[in-house]
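J.: For reference, the sequence and a predicted model appear below.
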Amino acid sequence: MKTHNYIIAIAFCFGLLLSSCSSKPTLQTYIVDHQEAPNFTTVDLPLSVLNVDESKLNEDQKTAYNSIKRLNFLGYKKETTEPDAYLTEKTQVEAILNNDAYNELMVINNHGGKFTLKYLGDDEESIDELIVYGNAKDTGFGILRVLGDDMKPSQIMSLAKALEQEDVDMSKVKNAIDFFN
């Protein structure tokens, strides 16, 4: 009888384990699966490589800077010889980002493409991942993941404006910037 209960307990635990695993793809798994694929480029950096002078930041900007742990970029460069491949990859990324787990902050449409800001976290004031997804019909798409702890979008935007005005070392992110040129 003990063996019978033991087998039932193991079967129950195994079933629980299988049911708790989600089969839906995540942005992280998509990036890992495609980092070595043709037409893709990946850059994974700690924020410290930008060499920001924190003494020039106000308190909100310092809080935002310290809440960010690293930046992760994946870009897909559209090849004119493979339009179907671009459409397939773009559709996969957009399906992942349309998952209810990703909350939308903003959408910006411009002449040749679209930028979408989304986040993962408990609420808009305490996010753990900020996602910037952009696609341009002629060049491809890119995903920037800003990973951190308890980030606040308003502080992140303030930090972004400060970084535009600072002399930040962008050589480490040159691959991501030059990717679409």
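T.: Cool, the structure landed.

J.: Beyond the lowest-mean-pLDDT helix or strand in the chain, next helix or strand please.
T.: Sorting the helices and strands of the chain by mean pLDDT, DSSP states H and E puts helix 2-20 at the bottom, at a mean of 49. Using DSSP states H and E, the next helix or strand after helix 2-20 towards the C-terminus is helix 27-34.

J.: hmm, who's touching that following helix?
T.: Residues outside helix 27-34 that contact it (C-beta atoms under 8 Å, 6 or more residues apart in numbering): 40, 42, 72, 74, 76, 89, 92-93, 96-97, 102, 131, 143, 145. Glycine gets a C-beta too; all of them are placed from N, C-alpha and C.

J.: Out of these, list just those in strands.
T.: Within the contacts of helix 27-34, residues falling in strands by DSSP state E are 40, 42, 72, 74, 76, 131, 143, 145.

J.: Need those residues in TSV (columns: distance to residue 59).
T.: Listed next are the ones in strands among the contacts of helix 27-34 as TSV, based on distance: C-beta to C-beta, whole Å:
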residue	distance to residue 59
40	38
42	33
72	27
74	33
76	38
131	26
143	30
145	25
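
J.: Point to the residue nearest the middle of this protein.
T.: Centroid-nearest residue in the chain: residue 145, 2.5 Å away (criterion: C-alpha atoms, centre = their mean).

J.: Could you report the distance from that one to residue 81?
T.: Separation of residue 145 from residue 81 (C-beta to C-beta, to the nearest Å): 29 Å.

J.: Could you do residue 41 as well?
T.: Going from residue 41 to residue 81 by C-beta to C-beta gives 18 Å.

J.: quick one: which of those two has more around it?
T.: The residue with more neighbours, out of residue 41 and residue 81, is residue 41; 19 against 6, by other C-beta atoms under 10 Å.

J.: Any idea what that one is bridged to?
T.: residue 75 (DSSP bridges).

J.: Kind regards, and thank you for your time.
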